[in-house]
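**Q** After the sequence you'll find the predicted model.
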Amino acid sequence: MTASDDTAASPARRRVALTGISSRAWEHPADRGALTALRELRGFDDVVKAFFGMWNERGFRLSYLASAIRVDHRQYPRVYRLYTEAASTLDVLELPELFVTQSPMLNAQAIGLEKPFIVLNTACVQQLDDEELRALLGHELGHVRSGHAVYKTILMILTRWAANLSWLPVGAIALRAIIAAMMEWWRKAELSADRAGLLAGQDPAASLRLLMKLAGGGDLTQIDTAAFLEQAAEYESGGDVRDSLHKLRMTAWSSHPVPVARAADLRQWIDSGAYGRVLAGDYPRRDTDSSASVSEEIKAAAESYREAFGRSQDPLVGLLRRLGDGASDIGEWAGGGAARARSWLGAAGEAASRAARKPRTPSGGPEEGRDAWSDASDGPG
């Protein structure tokens, strides 16, 4: 069956309302561990929102208010209906503003710190069916609910603070390591948002079609879902160590996983039973967020890396496993690294907070500082 046949055959679905759901329900363990640790810097996120959002965020919103279409029941009513449905399913109590902007690229983004809003390209409206568009809107709502934009900004502040050490002989190397770790976290945040999109639409086929369209354009009449997943398997396990090194080069400095890897991860999450358990009501609630344990989340992140290492078919990973107890080593490394990251964040928080309080002279209009919180790159952010 081709993807187009699958689309035509899809019946209307009755979605389960996930009342009181916490963003921890869809967050990838590595993403959740980092977020839980960052949330321990109590008050720091408020400083970031106040001092980095008061100028740039308003400028961004005004630029879209002036040159895009704000979605409501009168403008793009189809999009608004799907947006409210996705928000209702994820139990989003306050809808962020939604804009549609003219662009031929399939892309969307969540922007803002104090009052985030979502921007959707016209290509998404034109090329995505209802189920796919609902999944995409759920993806962006997942970013907003997880606070990814806020914490990405915090990490960028800390990265700039760490750049002050670059004059040291090892400073540049250390800085690159920090940036690489930040990118690894952001790739996991994208996997989290993909899961939120799936929960919003509750149509696995549509979520996979969305990733296929990101990879190959909007026309799926000659594309097959099974063949796309075969691509994902070949990307994961094909070739030899040289291919593994190429994959490391491709992804190390990217904020988004490649589409086939995102499809494979989403499929694995479904097959693990986690998706079904959430639909059955087995998920963490928002009212328990304050009691989340950093140490437990770090352990879960380490276990996630250990499991991924153990089941990976990548040639380089296979070689490492043959050389020794790599799965154990990688789990210990991940857990230790997460603990060190939390310690470093705690020590850096006060210094970065002082940096955030320094007055800024606005320049360059609303585009100034955009990368501090915009996740608009490499597909839906």
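**A** Okay, I see it.

**Q** which residues sit against the helix or strand encompassing Trp269?
**A** Per DSSP states H and E, Trp269 falls inside helix 259-271. Residues outside helix 259-271 that contact it (Cβ atoms under 8 Å, 6 or more residues apart in numbering): 190-191, 194-195, 198, 204, 207-208, 211-212, 214-215, 228-229, 231-233, 235-236, 256-257, 275-276, 379. In this view, the C-beta of every residue, glycine as well, is placed from N, C-alpha and C.

**Q** And those, which of them are buried?
**A** Taking 16 or more other Cβ atoms under 10 Å as the criterion, what is buried in these is 190-191, 194-195, 198, 204, 207-208, 211-212, 214-215, 228-229, 231-232, 235-236, 256-257, 275, 379.

**Q** how about Leu141, what does it touch?
**A** Ala86, Ala87, Leu90, Val92, Pro96, Ile118, Ala196, Ala200.

**Q** Kindly export stretch 177-190 (C-alpha atoms) in PDB.
**A** Coordinates of each C-alpha in stretch 177-190 appear next as PDB, following Å, rounded to 0.1, in the frame of the first residue of the first chain:
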ATOM      1  CA  ALA A 177      32.200  19.800  23.600                       C
ATOM      2  CA  ILE A 178      29.600  22.000  25.400                       C
ATOM      3  CA  ILE A 179      28.000  23.000  22.100                       C
ATOM      4  CA  ALA A 180      28.000  19.400  20.900                       C
ATOM      5  CA  ALA A 181      26.300  18.300  24.100                       C
ATOM      6  CA  MET A 182      23.700  21.100  23.600                       C
ATOM      7  CA  MET A 183      23.000  20.000  20.100                       C
ATOM      8  CA  GLU A 184      22.600  16.400  21.300                       C
ATOM      9  CA  TRP A 185      20.000  17.500  23.800                       C
ATOM     10  CA  TRP A 186      18.200  19.500  21.200                       C
ATOM     11  CA  ARG A 187      18.000  16.500  18.800                       C
ATOM     12  CA  LYS A 188      16.400  14.600  21.700                       C
ATOM     13  CA  ALA A 189      14.000  17.500  22.200                       C
ATOM     14  CA  GLU A 190      12.900  17.100  18.600                       C
END
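
**Q** Make 305 the first number, not 1, from now on.
**A** Taking 305 as the first residue, the last one we looked at is stretch 481-494.

**Q** That stretch: which residues count as buried?
**A** Those would be Ile482, Ile483, Ala485, Met486, Met487, Glu488, Trp489, Trp490, Arg491, Lys492, Ala493, Glu494, for stretch 481-494 by 16+ other Cβ under 10 Å.

**Q** Show me those residues that map onto strands.
**A** Using DSSP state E, no member of the buried residues of stretch 481-494 falls within strands.

**Q** Go through those residues and flag which are in helices.
**A** Ile482, Ile483, Ala485, Met486, Met487, Glu488, Trp489, Trp490, Arg491, Lys492, Ala493, Glu494 (DSSP state H).

**Q** Tell me the one of those nearest Lys456?
**A** For these, the closest approach to Lys456 (Cβ to Cβ) belongs to Trp490, at 6.5 Å.

**Q** Which positions in the helix holding Trp573 come out as buried?
**A** Using 16+ other Cβ under 10 Å as the test for burial, helix 563-575 gives Pro563, Val564, Ala565, Arg566, Ala567, Ala568, Asp569, Leu570, Trp573, Ile574.

**Q** now swap in stretch 538-558 and tell me
**A** Tyr539, Glu540, Asp547, Ser548, Lys551, Thr555.

**Q** likewise stretch 523-532?
**A** Within stretch 523-532, the residues that qualify as buried are Leu524, Ile527, Asp528, Thr529, Phe532, counting by 16+ other Cβ under 10 Å.

**Q** repeat for stretch 413-422
**A** Gln413, Ala414, Ile415, Gly416, Leu417, Pro420, Phe421, Ile422.

**Q** ok, back up a step: switch the contacts of Leu445 over to TSV; also include secondary structure, distance to Thr340 and pLDDT.
**A** Converted to TSV, these look like this (DSSP: H, G, I helix; E, B strand; the rest coil; distance: Cβ to Cβ, whole Å; pLDDT from 0 to 100):
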residue	secondary structure	distance to Thr340	pLDDT
Ala390	helix	25	97
Ala391	helix	24	97
Leu394	coil	20	97
Val396	coil	21	95
Pro400	coil	23	94
Ile422	strand	25	94
Ala500	helix	17	97
Ala504	helix	23	97
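
**Q** Name the next helix or strand following the lowest-mean-pLDDT helix or strand in the chain along the chain.
**A** Across the helices and strands of the chain, mean confidence by mean pLDDT, DSSP states H and E is lowest for helix 307-313: a mean of 40. Downstream of helix 307-313, the first helix or strand assigned by DSSP H and E is helix 333-343.

**Q** on contacts alone, who are the packing partners of that following helix?
**A** Helix 333-343 is packed against helix 452-466, helix 475-505, helix 598-615, helix 630-661, with contacts defined by 3 or more Cβ pairs under 8 Å, 6 or more residues apart in numbering; DSSP states H and E.

**Q** Least confident of those, on average?
**A** Lowest mean pLDDT within the helices and strands packed on helix 333-343: helix 630-661, a mean of 46.

**Q** low-scoring pLDDT stretches of the stretch 305-454 of the chain, where are they?
**A** In the predicted model of the stretch 305-454 of the chain, residues 305-317, 342-360 satisfy pLDDT under 70.

**Q** swap the cut-off to 50 and go again
**A** By pLDDT under 50, the low-scoring segments of the stretch 305-454 of the chain are 305-315.

**Q** and Glu600, how far is that from Ala439?
**A** With distances taken as Cβ to Cβ, to the nearest Å, Glu600 is found 30 Å from Ala439.
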